[in-house]
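Novice: model the following, please.
(2 chains)
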Amino acid sequence: MIWKHVTACLGISLGSAMAALMAGAAVMPGIAQAADPVTLTFRFNDPEQKEMRAALDAFEKANPGIKINLERMAWKDARDQFLREAAVGETPDVVHIAFVWAKEMGEAGALAPLDALIKASPPGKGLGDFIAMDLATGKDGKIYALPWTTDTWAMVYRTDLLDQAGVKGLPATWDELRQVSRDVHAKTGKTGFGFPAGSASSGSLWFLANYNWWSNGKALVVEKDNKFSVGVDKADVAGTMNYFKSYLDDGDTPKSMLGVSDWADPVIIRGLADGSIAIGIMPPASFREAINAYTAANPGKAAPFTSGPVPKGTTVGTSHLGGRMLGISATSKHPQEAWKLVQFLNDASIFTGAYKSQFPAQRSLLQSVDFGPELKGFAEQLTHARTWGPYADGPYAMGSMWNLTGRAFGAALSGQTSVDAAAGDLLTQVGKLNAGR
Amino acid sequence: MRGDRLFITVMLGPALIILALFYLWPMVENLRVSFTDLTLLRLRVGGQWIGLANYEEFLTSPETGRLMMNTFIWLTAISVAVRLLLGLAIALIVNTPLVRHLKLATIARIAILVPWATPPVVAIIIWRWLLEAPDGALNTVLVTLGIIDTPIAFLSDLRTVWPSVIAIVVWNTVPLIALSLLASLQAVPADLYEAAELDGASRSAKFWHITLPFLKPTMVVLGLTSVFWTFNNFVYVWLATGAGPGTFTNVLATEIYIRSFVDFRLGYGAAIGIVMALIMAVFGYFYFRMIGRRQIEEVL
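Specialist: I've put the predicted structure just below:
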């Protein structure tokens, strides 16, 4: 009796499933015919979704056979999410990535080599016009992404607070910056250098530490004769830790900055806009946010901001050449169409319309960018910025070094461990990173 | 009889298949990965078998002691203890004749439910705003009242970061404890209190000898289940402090995330996951011994 019911149920289920499959099979050709235009998915991680959508609409109009599905992913999740998707072949066709991800993603088989596409239809004024091509090229010599935008970090200042503190001229060295920060705090009561001192795995201390080392002629990773090694010693690391710790210990940077890791954290943007922070360090897009916040709160008033190179930034390459690239997924079924989109996104009109917060990664376009008076420091710094070079080429995983540096500096700056212990621990941990990625 | 067994087996089959697919298979797969050097960058090609190397590295790491202490003591033991005590206190207050007399019991129940109905992510964002320095609500109040001179960075100061995380966990999860204990309190027979009063028992004697013994089974269940939920929890610490400052609030769950998705070492992350699962299995054993078997016996 029981079996009778069970087999009856199973029969009904199987019958329904078969009917559904047959109906689906009958309908499928019709669907295939209706879905004639190629649909690409473009994952774009920056905030200009609306403007980018408008640009993509124009692309669709010019290319009636291609439809673009625009996706957004937070930058901090974008890398591991794409790699997870790549493992199961469910990736967007065109993906927005950071400069330093291209090699590892290409070598992991997540990005398609672009060499044949480039050869058949070279982008812009040719590959030679694109900066940071070394970061786009894998160890196998294949090109895995096309540089799209570039930027670097620079110092940003509230000129009114510097005036109140009697500061004449922008600081050119780390010691001068230290003194200006002290002076501002002593004379205005405001925060001097409001740097993000948090220890998050993708925090800003990574950049600050490296800038400091680079300005002293050192680097965390160095290359000699194609061999990579750690290029700083315990004294170098401890010196940098002590330098930044002194801001917190002396009080011209509040200890609450230990809870701020992101260079564009609202605490910093708001602080610069309302004048509670006098000095910051950030990329141009974040600086524009601060200026916009000030302008919104003070309509009609000139924004009291200026920017300048990072300490020693114009004498040695002290800031990193950052930026974004565009890659095509290795599992994309439409690489030709995806390449067409990548080329469209590198058109000059994109950088004056949909994507104004970033600078183009093509030298010819970069020359014509109007940086304006506030971004003068960025323009100056950009010509002296350096790529991550050995950091990206060597066996040390960038994400792990970034995390370890942030943790070690966070431990030292917060007092969790002594500066010496944190410095030693950082070097030990970085030393352990190997080519096992 | 034989037909009944067959029927039971057939009826349980789908559930067992689902359990095997969604619980057993991922666990076995995770165990397999923990013996490999699989990384996120090599997901497509797979990792190499490295035996117990991941376990050895984790168990001999100098950081492991701190991770264990943070997870066991701060995140789990203290937060569960505070939750139970606070939940008991809230339940006792709501159950007092005065609250019932003032007809505040329903309002109190709704007020208790609000934190529980708040998703953890939202709760953490609210608390971050409250605890922020220098302009957070709590700092503003404390400075205005003259209790402190300078704002405290609650979530980045070593002295306050753990109490702050625990406050968030407790706020978000104490309602379940309070409401469960309130329900148990209302099930205590009133004649026991009346008899005790006739015998001249004091208020504290009634609490220790009548109320608490009645609440004990509920408290044990709540305590053990809270241990499960809290020990494995990732979001409270990660979203509140990012495991910082430094590694000060790093716990096992956040370590798995860092190792797997920052360092990309999926094999190593899987090994930590297995260690956590084993620890939870010990808790599970006690749970079964103390609670589960009795419940099963009652059902059968």
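Novice: in the stretch 201-300 of chain B, what residue is nearest chain A?
Specialist: Distances between the stretch 201-300 of chain B and chain A by CB to the nearest CB are smallest at residue B:246, namely 2.9 Å. Every C-beta, even on glycine, is put in place using the N, C-alpha and C of the backbone.
Novice: tell me the residues of the stretch 301-437 of chain A that contact chain B?
Specialist: Counting by CB under 8 Å from any CB of the partner chain, the positions of the stretch 301-437 of chain A adjacent to chain B are A:397, A:399-400, A:403, A:407-408, A:410-417, A:422, A:436-437.
Novice: swap the cut-off to 6 Å and go again
Specialist: For the stretch 301-437 of chain A, the residues in contact with chain B (CB under 6 Å from any CB of the partner chain) are A:399, A:400, A:403, A:407, A:410, A:411, A:414, A:416, A:437.
Novice: so which residues on the stretch 151-300 of chain A come close to chain B?
Specialist: Residues of the stretch 151-300 of chain A lying near chain B (CB under 6 Å from any CB): A:199, A:200, A:201, A:255, A:256, A:258, A:259.
Novice: save these as a markdown table, and put in neighbour count, pLDDT and secondary structure too.
Specialist: A markdown table is the format used below for those (neighbours: other CB atoms under 10 Å in any protein chain shown; pLDDT from 0 to 100; DSSP: H, G, I helix; E, B strand; the rest coil):
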| residue | neighbour count | pLDDT | secondary structure |
| --- | --- | --- | --- |
| A:199 | 32 | 92 | coil |
| A:200 | 26 | 90 | coil |
| A:201 | 24 | 88 | coil |
| A:255 | 22 | 92 | helix |
| A:256 | 26 | 90 | helix |
| A:258 | 27 | 93 | helix |
| A:259 | 30 | 90 | helix |
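Novice: ok, those residues vs residue A:122, which is closest?
Specialist: Proximity to residue A:122 was ranked across those by CB to CB; first place goes to residue A:201, at 37.9 Å.
Novice: leaving out the residues flanking it, which one is nearest to that closest one?
Specialist: Using CB to CB, 6 or more residues apart in numbering or on different chains and skipping the chain neighbours, the partner closest in space to residue A:201 is residue A:403 (3.9 Å).
Novice: how far off centre is the helix or strand hosting that neighbour?
Specialist: Secondary structure assigned from DSSP states H and E places residue A:403 in helix A:398-414. Relative to the centre of its chain, helix A:398-414 is centred 18 Å away, using CA atoms, centre = their mean, to the nearest Å.
Novice: number of nearby residues for residue 44?
Specialist: No chain specified, so I'll use chain A. By other CB atoms under 10 Å in any protein chain shown, 24 other residues sit near residue A:44.
Novice: try again with chain B
Specialist: Residue B:44 has 15 nearby residues by other CB under 10 Å.
Novice: does it touch residue A:108 like I think?
Specialist: No. At 7.2 Å, residue B:44 and residue A:108 do not qualify as touching, with contact defined as CB atoms under 6 Å.
Novice: returning to that earlier point: show me what the following helix or strand past the helix holding residue A:403 is packed against.
Specialist: Per DSSP H and E, the first helix or strand lying C-terminal to helix A:398-414 is helix A:419-432. Contacts defined by 3 or more CB pairs under 6 Å, 6 or more residues apart in numbering or on different chains; DSSP states H and E place helix A:419-432 against helix A:234-250, helix A:398-414.
Novice: highest average neighbour count across the ones you listed?
Specialist: Mean neighbour count (mean count of other CB atoms under 10 Å in any protein chain shown) peaks for helix A:398-414 among those, with a mean of 26.
Novice: got JSON lines for the helices and strands packed on helix A:419-432, with mean pLDDT and distance to residue A:327 too?
Specialist: Shown next, in JSON lines, are the helices and strands packed on helix A:419-432 (pLDDT from 0 to 100; distance: least, CB to CB, whole Å):
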{"stretch": "helix A:234-250", "mean pLDDT": "98", "distance to residue A:327": "34"}
{"stretch": "helix A:398-414", "mean pLDDT": "95", "distance to residue A:327": "16"}
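Novice: make JSON lines from those helices and add distance to residue A:342 to it.
Specialist: Output for those, formatted as JSON lines (distance: least, CB to CB, whole Å):
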{"stretch": "helix A:234-250", "distance to residue A:342": "39"}
{"stretch": "helix A:398-414", "distance to residue A:342": "24"}
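Novice: got the residues of chain B near chain A?
Specialist: B:7, B:10, B:39-41, B:43-44, B:133, B:153, B:155-156, B:158, B:242, B:244-248, B:261-263.
Novice: one more time with 8 Å
Specialist: That would be B:3, B:6-7, B:10, B:37, B:39-45, B:132-134, B:151, B:153, B:155-158, B:241-248, B:258, B:261-264, which are the residues of chain B within reach of chain A (CB under 8 Å from any CB).
Novice: quick check on those: which are buried?
Specialist: Buried by 16 or more other CB atoms under 10 Å in any protein chain shown: B:37, B:39-43, B:132-134, B:151, B:153, B:155-157, B:241-248, B:258, B:261-264, out of those.
Novice: for chain B, what is the nearest residue in chain A?
Specialist: residue A:411 (2.9 Å).
Novice: which pair in the residues of the stretch 301-437 of chain A next to chain B has the greatest spatial separation?
Specialist: Longest span within these, CB to CB: A:414 and A:437, 29.3 Å.
Novice: what about residue A:70, which SS state?
Specialist: strand (DSSP: H, G, I helix; E, B strand; the rest coil).
Novice: wait, it sits on residue A:49?
Specialist: Yes. Residue A:70 lies in contact with residue A:49 (CB atoms under 8 Å); the separation is 6.8 Å.
Novice: for the residue positioned nearest the centre of chain A, which residues are in contact?
Specialist: For chain A, the residue whose C-alpha lies nearest the mean C-alpha position (CA atoms, centre = their mean) is residue A:98; its distance is 5.0 Å. Contacts for residue A:98 (CB atoms under 8 Å, 6 or more residues apart in numbering or on different chains) come out as A:75, A:79, A:322, A:323, A:324, A:325.
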